[in-house]
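Peer 1: Coordinates for the following, if possible.
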Amino acid sequence: MAKSKNIEEYEHTDSGIGGQYKTWFLDYASYVILERAVPAIEDGLKPVQRRILHAMKEMDDGRFNKVANIIGQSMQYHPHGDASIGDALVNMGQKDLLIETQGNWGDVRTGDEAAASRYIEARLSKFALEVAFNNKTTNWALSYDGRKNEPVTLPMKFPLLLAQGAEGIAVGLATKILPHNFCELIEASIKYLRGKKFEILPDFLTGGIMDASLYNEGKRGGKIRVRAIIEELDKKTLVIRSVPFGVTTTQLMESIVKSNDQGKIKIKKVTDHTAADVEIIIELAAGISPDITIDALYAFTDCEVSISPNACVIVQDKPQFLGVQELLKISADNTKELLRRELEIRLAELQEKWHYTSLEKIFFEEKIYKELEKKHETWDKVLEGIDKAFTPFKKQLRREITREDIVKLTEKPVRRIYKLDIDELNAQIKGLEADIKQVKFDLANLVDYAVAYYENLLKKFGKGRERRTEIKLFDTIQAKSVAIANTKLYVNYADGFIGTGLKKDELVAEVSDFDDIIAFTKGGIMKVVKVSDKVFIGKDIIHVAVFQKNDERTTYNMIYADGKTGISYAKRFNVTGVTRDKEYDLTKGSEKSKVHYFTSNPNGEAEVVKVVLSPNCSARIKEFDFYFEEQEIKGRGSIGNQVTKYPIKSVKFKEAGNSTLDAKKLWFDNKFGRLNTEEKGEYLGKFDAEDRILVIYNDGNYEITDQELTQRFDSDKILLMEKFDPEKIITAVYYDKEKVQFSVKRFKIETTTLHNKFFFIKEGEENYLEAVTTDPEPVLAVQSGRGSQVRKGKIRIDKVVEVMGWKALGAKLVDYSKSVEMEWERKERSADNQPELF
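Peer 2: Numbering: from 1, shown residues only. Prediction:
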């Protein structure tokens, strides 16, 4: 049916359907942004949160209210139903700041939901009543149905937005502001008001460890990494003590089980024992390293999560992206302005009270009230008479006398004429004048007043709100280095195939899905490939292994014959970096070149081989020894040095050789608690393959460990780490709680077991290791006392304490005192320059 001309014209006007479609989406998007998803900068609240708090203030009588009743009260202001109100109320209650809760409110750590609203109760916290409400400084607007007034924003005198955090998805934008520490926010506000620099970083109720080096003030593009706290209970058991922000224990356990099923980690069992504190027990499979498993948990599970903040707030009815430092500055300035307005209102009230009290005093003291006894024609004449009687005293007042003032005076009881009441009025006036003076002083020194306000908040409400999330730099965990070998790699040497699907062929090794494989062929071709089901390398494979990038110690020794000239060459080379799936020719590149001998040496070993020449050649000597140690290690592309120009029959291994490489240099990076070869941290020395490392902890344990770079150490607990020498004497000073003294012992390490901790001080609660050294002539500088009572001295420990067994208790050094300070003397000493004994 054809449309009429009038209908077609209507649809294309702005008031028609087409015009409405042009504005509807924009209206909807604006509504969601301003009224639902994004908090306002003034009070840090979304509309539903603000309406809940306002409703709770109306209901507040100091007692708990059923959440169902609070929801009903809030529905007078919020037009979106009880579900959204209930969810927002529970969310605020779980943050434990503005709302005091009673009953089962769920648990953000486990993901348990709150009980039904009819079973749980809430009331405003004392903190909320102090910082969020003041009818005199609140701007009001009509509610959605026009029946009631609701606050446009609450007069929030605290950076609530940064303390609680906020998250919301609107139309075309989203906001994610992370929670920050209560005490640190107050301290940062004080620093800002004082003109000092400050920094604020997130803090989560769930605790954990956080790397905020890329936080970028919470702006778009920033990122933080949050980890669960994982402890090694023993060599077979790990325990998770916290969950990352936004992750529940259920989600965490599911991610661990999933990684185990995928073969990325190997565990026997994971059990959730969470009650008052998070406790997830992980039992490891036999032979699995706990250090590598901890790294793997961070790399492959939700034990580490990355969070991208996106601080967006409503400023003057428009969304703006601001950094957290800017948000705190705006909050502090807003708080200062609210405090100024409160002081001005207070000043006006005091001045008004002073004016009326002064009027009342004059009214009775000067007997102006007797005008009421005179006969006047009308009431207005009475009021005029009283006003006229005040004329001599008007200069004492601070504003004009109004008709309302006089009417109010006439309503006062005549008993005020007693001298006792006059004296009371004089005392009130003096008190009011003192209060007015104080308020004017506070207005003139507004910054100091605001600082004192913040300090009072910190004193009243800061206890128990200390930082829960530890700030720490994270090392980058390479998934390849911690992935568990979860699949078997096979090789068909003759046909030139390798892969995990060649189950009928020869097993090479167990590998992980993240590994690269390096392979060499008889024709002198090298290739690096990813682990896959089946991949062709080349005919006659002679060596297959897992490839380690940037490995400068693994050295390949090779003898090959050039296919064009028949001359044989020997070369030694490393492979540190390659292009995956590319073929590299390790010979001169001639066709029919052939490898006679090939070995892979993990520590640069150089063996001796026996070279047997063809019996038909014209060489006089047909057998000789070849020493690889005489060859320099060069790049893989080098031709090598000539071995012989005659055809070779065979090359056979004759004798193992030593490494031609320098001992490996090791460093300890105490930022991350890691050993490394990249010169990061403290230099530990040069290590041969058989060398070990001694680690001594402040809890009185020592441990001998190897050079494995995947090990994790708790840097905060380490007092000594060095290359282990069993002949060195350990000198240790420890605190004995039972005898309230410092004891000293000297001993040699007698144990040889690796990766086991041995407790070598006296057992007892609160006993700890104070100082330790392996200096052969240890001198301990000791200071005790305070002020004029300071006593200093030095003790040459090896002169007063004999070497004993590692389990011995030792001898008394000095009595314990909080004023005792100790440190090892590090100066060079000659035989003639011995330290003075304490």
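Peer 1: Using the three-state scheme, assign residue 352.
Peer 2: helix (DSSP: H, G, I helix; E, B strand; the rest coil).
Peer 1: Ignore what I typed, I meant residue 556.
Peer 2: Going by three-state DSSP: residue 556 is strand.
Peer 1: Also residue 197?
Peer 2: Going by three-state DSSP: residue 197 is coil.
Peer 1: any idea how far residue 164 is from the nearest residue to it once chain neighbours are set aside?
Peer 2: Closest residue to residue 197 apart from its sequence neighbours, by CB to CB, 6 or more residues apart in numbering: residue 191 at 7.0 Å. Placement of C-beta: from N, CA and C, glycine included. Going from residue 191 to residue 164 by CB to CB, to the nearest Å gives 21 Å.
Peer 1: what helices or strands is the helix or strand containing the residue nearest to residue 197 leaning on?
Peer 2: Secondary structure from DSSP states H and E places residue 191 in helix 182-193. Helices and strands touching helix 182-193, as assessed by 3 or more CB pairs under 8 Å, 6 or more residues apart in numbering; DSSP states H and E, comprise helix 160-164, helix 324-365, helix 446-461.
Peer 1: and whichever helix or strand comes after it, what does it pack onto?
Peer 2: Next in sequence after helix 182-193, counting helices and strands by DSSP H and E, comes strand 209-214. Here strand 209-214 touches strand 223-227, strand 470-471, going by 3+ CB pairs under 8 Å, 6+ apart.
Peer 1: go again using 6 Å as the cut-off
Peer 2: Where contact means 3 or more CB pairs under 6 Å, 6 or more residues apart in numbering; DSSP states H and E, strand 209-214 is packed against strand 223-227.
Peer 1: re the thing from before, residue 191 and residue 164: who's more crowded?
Peer 2: When neighbours are counted by other CB atoms under 10 Å, residue 191 and residue 164 differ, and residue 164 comes out ahead with 21 against 17.
Peer 1: so what's the residue nearest to that one when sequence neighbours are not counted scoring on pLDDT?
Peer 2: In space, and not counting its chain neighbours, residue 164 is closest to residue 95: 5.3 Å by CB to CB, 6+ apart. We have a pLDDT of 92 for residue 95.
Peer 1: so how many other residues sit close to residue 95?
Peer 2: 14.
Peer 1: Strands along the stretch 601-750 of the chain, start to end?
Peer 2: Secondary structure of the stretch 601-750 of the chain (DSSP state E, counting those that start in this stretch): strands at 608-613, 623-627, 633-634, 641-644, 648-655, 664-669, 674-676, 682-687, 693-697, 701-705, 718-723, 729-736, 741-748.
Peer 1: Please list the outside residues in contact with the third one.
Peer 2: Spelled out, it's strand 633-634. By CB atoms under 6 Å, 6 or more residues apart in numbering, the surrounding residues in contact with strand 633-634 are 555, 572, 573.
Peer 1: hmm, 7 Å instead?
Peer 2: 555, 571, 572, 573, 574 (CB atoms under 7 Å, 6 or more residues apart in numbering).
Peer 1: Among those, which one lies nearest to residue 422?
Peer 2: Of all the contacts of strand 633-634, residue 422 sits closest to residue 574, with 104.0 Å by CB to CB.
Peer 1: ok so, going back, would you agree the residue nearest to residue 197 is in contact with residue 198?
Peer 2: Yes: shown here, residue 191 and residue 198 form a contact pair, counting by CB atoms under 7 Å, at 4.1 Å.
Peer 1: Phi first, then psi, for the residue lying closest to residue 738 once chain neighbours are set aside.
Peer 2: The shortest distance from residue 738 to any residue other than its chain neighbours is 5.4 Å, reached at residue 764 (CB to CB, 6+ apart). Note on residue 764: backbone dihedrals following degrees, to the nearest 10 are phi 170, psi 140.
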